[in-house]
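**Q** quick one: sequence and predicted model below, then my questions.
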Amino acid sequence: MISTALHQKYDLRLPRYTSYPTAPHFSPAVNGVVYRRWLSELDPKQPLSLYFHVPYCEEMCWFCGCNTKITKHYSPVGSYVDVLRAEIKNVLSALPAKYPVAHIHFGGGSPTILKADDLRNIMEDIQRGFDILPDAEIAIEMDPRTAKPDFMDAMRDCGFTRSSIGVQDFNETVQRAVNRVQSFDLVANVVANLRERGMNGINVDLMYGLPFQTLQGVIDTVDATVALNPDRLSVFGYAHVPWMKKHQNLIPTEALPDTAQRWAQYEAIQNRLAEHGYVAIGLDHFARADDDMAKSMLAGELHRNFQGYTTDRAEALIGMGPSAISSLPQGYAQNDPALGRWKRCVEDGLMAIEKGIAVTDEDRIRRDIINELMCHLSVDLDEICRDHDVPVSRFATQLDDIRKMSVDGIVTVCCNTITVTDTGRPLVRAICAVFDTFLDHAQKRHSQAV
């Protein structure tokens, strides 16, 4: 178990490093004009990834940190679909050719709020405008409470291959405390329906650090989840930020576990999943040993993007919908998160970009280092520097900082190869932060613990 001293020293408010540079450092210098030019410069021979954000839910989960709105009526969702389809046309107008697509992901919000015919219409637009590769992964995030049989029929008909199902915790007391009540039988029924339709790629999302969670409770949830036989699991720590997400004020703070209890829950989940034969992937993912994600990690080919760990190797990810972020070889660009402004831009035929950042050669080197640490818990600086044709001496200061960390047993350094230890795995972001030039010294050492 991680000691209290290590908690206090390294469990800091740091980026999750789904990109580098990270989103807080985006600026209006990257706008719709810049983004359109970037799209026009993409190599037509290189496959793309596509992300579609659906910012609606029928009910607010109080732990939620996503960009979403609550609606009990379908009319705003239907109107949203019309604008999203218009954005697909705008993006296609900027691309100089019909591009191959290797990965499609629908996130939210709750994409399962869509009507089956609207999902079909969106996918038909994608199929007309892009060349979806035969082995493409087509994935969707699912709320089992709103996943209807006809929607799953549409998923099957549209070629979906992977579903990410939000479970969080199966304990009813915990569920009521976060306004997310769903029985094991309901979730199991959705999983069975997906498999009956031939969609066997199943992810399950769990959380720790929620109100009223206990060690035995999270272990029971893991055991129940494993009974569903998912290929992959994501295990996230709840971030209580009510000053940013007002609905989190509805969570009973007195029932939240403290930092030591949170880490104990994380370790209990990790150990139990290992007992069930799941392989730990980076910071917070787990997969069966025969799953493509585990194989990609062993082959050194695992990547990280805004959806977390991925086997997707496309160099460009195009995001659509409010707040969606695109990752292109030239840099990052984020759509306006405000639904109204995003809608007006799209309807005017414009790219609805609010901010972004162009990446430099220095950013690319550091991004590669951080990606290796986040995905493989190890990085050979000599190899990275050879790939980028720079001397390893450029990172002499960072190596000194890492060696100081090694005294705490969270990392080792041998011949310029940095390796995160088992103790350091949950603290890997603090190790990555050493290479983050956008964070100042005080942030790295004195940020408030999560």
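**A** Cool, got the structure. Residues are numbered from 1 along each chain as shown.
**Q** what about Ala289, how many neighbours?
**A** When neighbours are defined as other C-beta atoms under 10 Å, Ala289 has 10 of them. Using the backbone N, CA and C atoms, a C-beta is placed for each residue, glycine as well.
**Q** residues touching it, list them.
**A** Gly277, Tyr278, Val279 (C-beta atoms under 8 Å, 6 or more residues apart in numbering).
**Q** how far away is the first one from Val226?
**A** Remark: distance between Gly277 and Val226 (C-beta to C-beta, to the nearest Å) = 9 Å.
**Q** comparing those two, which residue is more hemmed in?
**A** Val226 (17 against 11).
**Q** can you report how many residues lie near the residue lying closest to the more buried one once chain neighbours are set aside?
**A** The spatially closest residue to Val226, leaving aside those adjacent along the chain, is His276, at 4.7 Å (C-beta to C-beta, 6 or more residues apart in numbering). By the criterion of other C-beta under 10 Å, His276 has 15 neighbours.
**Q** would you map the helices across the stretch 1-150 of the chain?
**A** Remark: helices assigned in the stretch 1-150 of the chain by DSSP state H, counting those that start in this stretch are 4-10, 32-40, 75-94, 116-129, 149-158.
**Q** circling back: how about the contacts made by the residue nearest to Val226?
**A** So His276 contacts Val222, Asp223, Val226 (C-beta under 8 Å, 6+ apart).
**Q** what do you get for Asn229?
**A** Per C-beta under 8 Å, 6+ apart, neighbours of Asn229: Ile202.
**Q** how many other residues sit next to the closest residue in space to Thr253 that isn't next to it in sequence?
**A** Closest residue in space to Thr253, ignoring its immediate chain neighbours: His240 at 7.2 Å, by C-beta to C-beta, 6+ apart. Burial of His240 is recorded as 19 neighbouring residues (other C-beta under 10 Å).
**Q** so who does His240 touch?
**A** Taking C-beta under 8 Å, 6+ apart, one finds Gly209, Gln248, Ile251, Thr253, Leu256 in contact with His240.
**Q** state the distance from the nearest residue to the first one once chain neighbours are set aside to Leu256.
**A** With C-beta to C-beta, 6+ apart as the measure, Tyr238 is the residue that lies nearest to Gly209, at 4.0 Å, once sequence neighbours are left out. Counting by C-beta to C-beta, the separation of Tyr238 from Leu256 is 8 Å.
**Q** who has more neighbours, these two?
**A** More neighbours surround Tyr238 than the other of Tyr238 and Leu256, with 22 against 17 (other C-beta under 10 Å).
**Q** tell me who's in contact with the more buried one.
**A** Residues near Tyr238 by C-beta under 8 Å, 6+ apart: Phe63, Met207, Tyr208, Gly209, Leu210, Leu256.
**Q** count of neighbours near the closest residue to the last one other than its chain neighbours?
**A** The shortest distance from Leu256 to any residue that is not its chain neighbour, by C-beta to C-beta, 6+ apart, is 5.4 Å, and that residue is Pro211. Using other C-beta under 10 Å, Pro211 has 21 neighbouring residues.
**Q** what does Glu172 give?
**A** By the criterion of other C-beta under 10 Å, Glu172 has 12 neighbours.
**Q** pLDDT at it, what is it?
**A** pLDDT, Glu172: 97.
**Q** which ones are touching Leu210?
**A** The contact partners of Leu210, by C-beta under 8 Å, 6+ apart, come to Phe63, Gln168, Asp169, Val174, Ala177, Val178, Tyr238, Leu256.
**Q** secondary structure and distance to Ile140 added to these, as a markdown table?
**A** Converted to a markdown table, the contacts of Leu210 look like this (DSSP: H, G, I helix; E, B strand; the rest coil; distance: C-beta to C-beta, whole Å):
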| residue | secondary structure | distance to Ile140 |
| --- | --- | --- |
| Phe63 | coil | 21 |
| Gln168 | strand | 18 |
| Asp169 | coil | 22 |
| Val174 | helix | 25 |
| Ala177 | helix | 27 |
| Val178 | coil | 22 |
| Tyr238 | coil | 23 |
| Leu256 | coil | 31 |
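**Q** looking at the residues you listed, which is nearest Asn271?
**A** Asn271 lies nearest to Asp169 out of the contacts of Leu210, by C-beta to C-beta, at 17.4 Å.
**Q** the closest residue to the closest one other than its chain neighbours sits in which helix or strand?
**A** Once flanking residues are discounted, Asp169 sits nearest to Thr221: 5.1 Å by C-beta to C-beta, 6+ apart. Thr221 is part of helix 215-226 when elements are defined by DSSP states H and E.
**Q** then that helix to PDB, C-alphas only?
**A** What follows is helix 215-226 as a C-alpha-only set of coordinates in PDB (Å, rounded to 0.1, in the frame of the first residue of the first chain):
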ATOM      1  CA  LEU A 215     -13.000  -1.900   0.400                       C
ATOM      2  CA  GLN A 216     -15.400  -4.900   0.500                       C
ATOM      3  CA  GLY A 217     -17.900  -3.000  -1.600                       C
ATOM      4  CA  VAL A 218     -15.500  -2.200  -4.400                       C
ATOM      5  CA  ILE A 219     -14.300  -5.800  -4.400                       C
ATOM      6  CA  ASP A 220     -17.900  -7.100  -4.600                       C
ATOM      7  CA  THR A 221     -18.400  -4.700  -7.600                       C
ATOM      8  CA  VAL A 222     -15.300  -6.100  -9.300                       C
ATOM      9  CA  ASP A 223     -16.500  -9.700  -8.800                       C
ATOM     10  CA  ALA A 224     -20.000  -8.900 -10.200                       C
ATOM     11  CA  THR A 225     -18.400  -7.100 -13.100                       C
ATOM     12  CA  VAL A 226     -16.100  -9.900 -13.900                       C
END
